[in-house]
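1. model the structure of this input:
(chains A and B)
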Amino acid sequence: MKLTNSCTRAAVALLAGSALLAGPVKLLNVSYDPTRELYQDINAAFAKQWKAKTGTEVEISQSHGGSSKQARSVIDGLQADVVTLGLAYDIDSIAEYAHLLPANWQTRLPNNSTPYTSTIVFLVRHGNPKHIRDWDDLVRPGVSVIAPNPKSSGGARWAYLAAWGYALKKNNGDDKKAQEFVTRLYKNVPVLDSGARGSTTTFAQRGIGDVLLDWENEAFLALDELGKDKVEVVTPSVSILAEPPVTVVDRVAAKHGTTQVAKAYLEFLYTAEGQEIGARHYYRPRSPEVAAKYAGRFAKVQLFTIDEVFGGWQKAQKRHFNDGGVFDQIYLPGR
Amino acid sequence: MCSNADNNVYLNSIVLRASAQFIFEERLINMFHRRFLGARAKGRASRAFFPSPVARGAMWSVVALAILSAPISAQTPDTPPAAQTTDQKLEQLQQKVDELDQAVKVAQRKQELAEEAAAEKAKTEATVTADTSGFTIQSPGGNYRLKIGADLQVDNRTYLGTGAGSDIDTLVLRRARPTFFGTIYQNIDFMFRPDFGQGTTAIYDAYVQLNYLPWANLRVGKFKPPVGLERLQSDDDTTFNERGLPSDLGPQRDIGYQLSASLFKKRVNYAVGVFNGVPDASIGTDAAVSDHRDYAARVFLTPFLPEEGLLSGLGFGLGASGGNTDGEALPAFKTFGQQTFFTFVSGVTAAGHRTRLDPQAYYYLGAFGLLTEYALNEEGFQKSGVRREIAFRAYQVEVSYILTGEKKSFLSPTPKKSFDPLHGGWGAWELAARVGDWEAEKGIYNYGLASDTTSPRHLYEWVGGVNCYLNRLFKVAADYGKTDFGGGALNSNKLPERIILLRFQVNFI
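-> Numbers count the residues shown, from 1 in each chain, chains lettered A, B, ... in the order given. This next block holds a predicted model:
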């Protein structure tokens, strides 16, 4: 018993010593491809707020890549305190395969843990020389479509499902015709990048393709960077409500002792300031007030959800994107 | 300076050649690509090339005349339909150029992506290395790692005196231990090391260690309990071929749980554990023999960091264990020559408490090394229903000096130059000496637990050695050891054990 007491006292002393010697709190946010600029601003604003609130400095590192690739990295040991990925299924995978967070993670924050939304739009070249107005224009012969690989990119999966959903709607729910439509679309895709940022590079920097299927925020970012004399954003008549979720990676954060700050970091995304930053980066805000303020930024588009059309991510993933799924059947490189 | 008419004639000839042959001559493609690509949004290359309506009119006049006056030979059956205008042909050419341009760009981008994918794959592919630290398979980032090593020792024992028991000169495979050490999920280490030496097969180390808390790593399995200093030193790092007498009084391996860590920049090292309990110098039977447990703890301080001067090589501490010996085998004590010199009489069993205390220290300064250790045990035995506690003690002091100037430490030195005499490399050479003493209290005879005619209760040893580290992995060591016996009426006259012990050792992990 004496030994036990001594050990306890020693452990308490060591913990106290560690706390005294601690430097800035460090967080790693593992995110998807197009959020680099968003989280640079979010991180700076949150660090300032956290310092003012607690007196503690926080340093937030970012890691970006295709959403599914990022999830794989976390499963393989990348020490993410928080993940802010392109779709819920990727975080579900972390919960399922690495057990780093509970299965009900999506219930822990408002709006299914998605503080902002986006959708899929088209980025075309200046003057829209191929006259691309809606999804039907993407399957015309001679139209070259740039899109990332749905096997590795969250944005690409949203885009694929947006096209499928449009075709279903147009054909009165005829699944076969929807598959034919999406097959024709991907026949027009000459190159698949692993993530949204890579596809933007392919389209904008390398000058390949007539239209880029992209996140709305990424398309507007490209528009800002390249200029209106180079590209234009075309919003289709129908698209999907893309909900990129966020969550704390419980076991990693607990190990790092960052659970509290990680939670606060994600909650900050829901604040007026966080929502404003998101809107400025062309993420559709959840807050009605901020949404009203930035209403002019976002085109009105008929949006459907993945739950409505596909029955949720688990079903969509299993049918379309798992190995041997529909995408593997319709997209044959070099065909 | 070219006139518009000159331009028109030149364009006329180009158009005729293109329309007649539809051959993408490199010069033509380059020209069109260079001059028209920026103007294609307007859809009319001619407008780009001839901006004024007058110039365009002149051009079309010349083009019409050129077509009408073109040689008959040019109007072969391959000639496109006359209805196709030059403008359309130019657009077709432009379209072809654009298609080619896209095809080239797509091919380049695919190549670029393939290279990126290859680089990415390299980041995620495991690496296999073979070097002086052994053979390693490792995932990117080191979260998963397997090191394969070996510990092979061949001893040549030459006895120069009658010794304590059997003193047959022999070559012996002292240790033959393949070693598997690794990491999984970044924070979990494991070790598996059996021994096939001396004609037996036994598991020496088999444990997992969870390194989630930097101040408390949890180890579970079979390993060295935290008591003796030299026992905790790896056998390939010990200065002498066999450990000193204090190691006879501590556990060698045991199965249990242990929390340990190095704290405050490794100035404080601690370990506490609960074990099955094993007899002195034993590796146990891989299962407990009673419900009692041994508790072991050790604190070892190295207060000065490497850059903190003359005392940076100082380390000192205390190891201890407590438990119960009920049901255990009796301990067997061995000389430097690995002869069992002490046996209990028939009818004696291990029973009662056991306490071990082991103050210990080392000091290293440059090529010089000093290691000392004192072991004090009280152990319970039973004979004819009567329990007795017997005290044992042992100490050793060893000093060493590396003649070739390498730095001495708790680990084996790495030679400045590996052994390669043809190229001036002689490895690292070390001289070492040790004195030690072992004693059991008189009661061991008085209580009838041992016979003073066969089991001396007092040993005094000294050992001198020369070590040659040929390289980081291979060592040849020659020791001369002399052990004097005393304490029993007859054994005080027993001849000392004198032995030359030559060892060839390969170790890597």
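2. show me what counts as buried in stretch B:297-305.
-> Within stretch B:297-305, the residues that qualify as buried are B:297, B:298, B:299, B:300, B:301, B:302, counting by 16 or more other Cβ atoms under 10 Å in any protein chain shown. C-beta coordinates here come from the backbone N, C-alpha and C atoms, glycine included.
3. quick one: the third one and chain A, what's the gap?
-> Plainly put, residue B:299 is 10 Å away from chain A if you go by Cβ to the nearest Cβ, to the nearest Å.
4. who does residue B:213 bridge with?
-> residue B:216 (DSSP bridges).
5. next: the one 10 residues further on.
-> With DSSP bridges as the criterion, the beta-bridge partners of residue B:223 are residue B:254.
6. ok, for residue A:26, nearest residue in space, not its chain neighbours?
-> Spatial nearest neighbour of residue A:26, chain neighbours left out: residue A:59 (5.0 Å); criterion: Cβ to Cβ, 6 or more residues apart in numbering or on different chains.
7. tell me the SS of that neighbour?
-> strand (DSSP: H, G, I helix; E, B strand; the rest coil).
8. count the residues that sit near it.
-> For residue A:59, the count of nearby residues is 12 (other Cβ atoms under 10 Å in any protein chain shown).
9. buried residues in the lengthiest helix in chain B?
-> When chain B is parsed with DSSP state H, its longest helix is helix B:86-124. By 16+ other Cβ under 10 Å, the buried positions in helix B:86-124 come out as B:86, B:90-91, B:93-94, B:97, B:102, B:105-106, B:109-110, B:112-113.
10. do the same with stretch A:237-254
-> For stretch A:237-254, the buried set under the neighbour-count rule, 16+ other Cβ under 10 Å, comprises A:238-250, A:252-253.
11. follow-up on the earlier one: packing partners of the longest helix of chain B?
-> Applying 3 or more Cβ pairs under 8 Å, 6 or more residues apart in numbering or on different chains; DSSP states H and E, we find helix B:86-124 packed against helix B:4-21, helix B:26-36, helix B:45-49, helix B:53-68.
12. give me the mean pLDDT for that helix.
-> Averaging pLDDT along helix B:86-124 yields 85.
13. now it, how far from the centre of its chain.
-> 47 Å (Cα atoms, centre = their mean, to the nearest Å).
14. mind listing the strands the very next helix or strand once past it pairs with, and their directions?
-> Counting by DSSP states H and E, the next helix or strand C-terminal to helix B:86-124 is strand B:127-131. With DSSP bridges as the test, strand B:127-131 is paired with strand B:134-138 (antiparallel).
15. show residues contacting the strand it pairs with.
-> For strand B:134-138, the external contacting residues (Cβ atoms under 8 Å, 6 or more residues apart in numbering or on different chains) are B:126-130, B:144-149, B:508-509.
16. would you tell me what the next helix or strand after it is?
-> Next along from strand B:134-138, by DSSP H and E: strand B:145-159.
17. helix or strand next in line after that following strand, which one?
-> With DSSP H and E setting the assignment, the helix or strand that follows strand B:145-159 is strand B:170-184.
18. out of the buried residues of stretch B:297-305, which is nearest to chain A?
-> Nearest to chain A among the buried residues of stretch B:297-305 is residue B:297, at 6.6 Å by Cβ to the nearest Cβ.
19. which residues touch residue B:140?
-> Residue B:140 sits next to B:123, B:124, B:125, B:126, B:127 when contact means Cβ under 8 Å, 6+ apart.
20. with respect to chain A, which of those residues is nearest?
-> Looking across the contacts of residue B:140 and measuring by Cβ to the nearest Cβ, the closest to chain A is residue B:124, at 8.1 Å.
21. check contacts around that closest one.
-> If you count contacts by Cβ under 8 Å, 6+ apart, residue B:124 has them with B:139, B:140.
22. ok, it to residue B:359 distance?
-> Relative to residue B:359, residue B:124 is positioned 50 Å away (Cβ to Cβ, to the nearest Å).
23. same deal with residue A:34?
-> Distance, residue A:34 to residue B:359, using Cβ to Cβ: 64 Å.
24. compare the two and say which is more crowded by neighbours.
-> The residue with more neighbours, out of residue A:34 and residue B:359, is residue A:34; 31 against 17, by other Cβ under 10 Å.
25. not counting its neighbours along the chain, what's nearest that one?
-> Distances taken as Cβ to Cβ, 6+ apart put residue A:218 closest to residue A:34, at 4.1 Å, once the chain neighbours are dropped.
26. over to residue A:258?
-> residue A:81 (4.9 Å).
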